[in-house]
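[1] heads up, no residue letters with this:
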Ligand code: SOE
């Protein structure tokens, strides 16, 4: 089956998914064929250049012309453009993959999840870290009861691209455009991974948010972002989101969670770790060593480091022989494989908009807890 794709956004995530589309026929020959049909954006010249580079046949500057004209719609735009095009696509019966967090506000996330329920087509939230082979392996261990009763989960997502006060402003620093800062951008991943691995939902949180630098130099032509150069002698723009957050959480099943994310963790570039402790064992994952999982299996010999690169490990048989590692970009290949297969087969897909909404409720509760200084029910 061939699926035509319309894709809004062509920068970081646009590149990641276009790369995945190109890899699919080589490494996942049973995947539906992807026709990179139309790329959507506002700046026509940049759009044309991106379409040529990313292999899209057409461009469009208005998503309204696209959402019911393709088989699948990818919404990879900034958070404030998640809701409207996505809801329109779903109303047209077009399956959607939307970047995380689901929306800039809880209201929009609820509208999107309701539209997905009504549409009854796959609506995917792009929590790509679920598709790391070591994370899937960890999920199997927990589901098989190897860790016993789960007591703790602790997750950190640490970056440092804003520690320099002259690093330029970008849409990620605006409440209106992003919703929240490190909380929604990074915390959404950790909260989803914790809820996914434990198969449990957070019911109460206590949170704390901080903004360390209140204004930043306006961005250059690249729009700012993770790899933008420092700038001075330009006008400034206000930072209206958190630079960092921390939270503690109570899960419905009784586990305790602690979470932290920062864009000011000097020296940490993309350090995402999650540790789970149970009555019979523990595990620890570190994105900077993503082919490995540290596992304690209930004896006192300490953690063993499992290299998750054997042919019977999740997704590995599609790639290389044992020990020939996979990387960050492979998460998108696995994600797109599962999502597009669900679209072609009309089958259920997770993580879906309900999973995205569950995370958004936690993010919202963390913010309200910070405002009120009290624990908040999710
Ligand atoms: C920027 O902080 C970012 O690109 C996030 O938006 C992604 O979701 C994360 O995977 C890496 O960092």
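    Everything's here; your move. Since we're looking at a predicted model, the values are computed, not measured. Numbers count the residues shown, from 1 in each chain.
[2] any idea how far residue 343 is from residue 91?
    Going from residue 91 to residue 343 by CB to CB, to the nearest Å gives 17 Å. Quick note: C-beta positions are derived from backbone N, CA and C, even for glycine.
[3] And stretch 117-127, what's buried?
    Buried residues in stretch 117-127, counted by 16 or more other CB atoms under 10 Å: 119, 121, 122, 123, 124, 125, 126, 127.
[4] I misspoke; the intended subject was stretch 165-172.
    So for stretch 165-172, counting by 16+ other CB under 10 Å, buried means 167, 168, 169, 170, 171, 172.
[5] Give me the contacts around it.
    78, 80, 161, 177-178, 181, 185, 213, 215-220, 223-225, 228-232, 236-237, 239, 241 (CB atoms under 8 Å, 6 or more residues apart in numbering).
[6] Buried ones among those?
    For these, buried by 16+ other CB under 10 Å: 78, 80, 161, 177-178, 181, 185, 213, 216-217, 219, 224-225, 228, 231, 237, 239, 241.
[7] near the ligand, from those residues?
    residue 185 (CB under 6 Å from any ligand atom).
[8] Filter the buried ones among the contacts of stretch 165-172 down to just the ones in strands.
    Counting by DSSP state E, the part of these found in strands is 216, 217, 237.
[9] Report the beta-bridge partners for the last one.
    The one in question is residue 237. In this structure, residue 237 bridges to residue 216 when assessed by DSSP bridges.
[10] In contact with it, which residues are there?
    Residue 237 is in contact with 169, 173, 174, 215, 216, 217, 218, counting by CB under 8 Å, 6+ apart.
[11] quick one: contacts for the second one?
    Taking CB under 8 Å, 6+ apart, we find residue 173 in contact with 162, 181, 216, 224, 237, 239, 240, 241.
[12] what's the pLDDT at whichever residue of the stretch 51-200 of the chain sits closest to the ligand?
    Nearest residue of the stretch 51-200 of the chain to the ligand (CB to the nearest ligand atom) works out as residue 185 at 4.7 Å. Model confidence at residue 185, given as pLDDT, is 98.
[13] right, and it touches residue 178 too?
    Yes - if you go by CB atoms under 8 Å, residue 185 and residue 178 touch, sitting 7.0 Å apart.
[14] Kindly report the residues of the stretch 51-200 of the chain close to the ligand.
    Contact residues (CB under 6 Å from any ligand atom) of the stretch 51-200 of the chain with the ligand: 159, 185, 186.
[15] Would you agree the last one is in contact with residue 159?
    Right, residue 186. Yes - assessed by CB under 8 Å, residue 186 is found in contact with residue 159 at 6.9 Å.
[16] Compare neighbour counts for residue 91 and residue 343 and give me the winner.
    Ranked by neighbour count (other CB atoms under 10 Å), residue 91 and residue 343 place residue 343 first, with 23 against 13.
[17] How about that one, nearest residue that isn't a chain neighbour?
    Among residues not flanking residue 343 along the chain, residue 95 sits closest, at 4.7 Å (CB to CB, 6 or more residues apart in numbering).
[18] so that neighbour makes contact with residue 70?
    No - Residue 95 is not in contact with residue 70 according to CB under 8 Å; the separation is 9.7 Å.
[19] More neighbours: these two, which one.
    Applying other CB under 10 Å to residue 95 and residue 70 shows that residue 95 carries more neighbours, namely 25 against 21.
[20] which residues does that one contact?
    71, 72, 73, 121, 122, 123, 124, 343 are the contacts of residue 95 under CB under 8 Å, 6+ apart.
[21] re the thing from before, would JSON lines of the contacts of residue 173 with pLDDT be doable?
    Listed next are these as JSON lines, based on pLDDT from 0 to 100:
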{"residue": "162", "pLDDT": "97"}
{"residue": "181", "pLDDT": "98"}
{"residue": "216", "pLDDT": "97"}
{"residue": "224", "pLDDT": "83"}
{"residue": "237", "pLDDT": "96"}
{"residue": "239", "pLDDT": "98"}
{"residue": "240", "pLDDT": "98"}
{"residue": "241", "pLDDT": "98"}
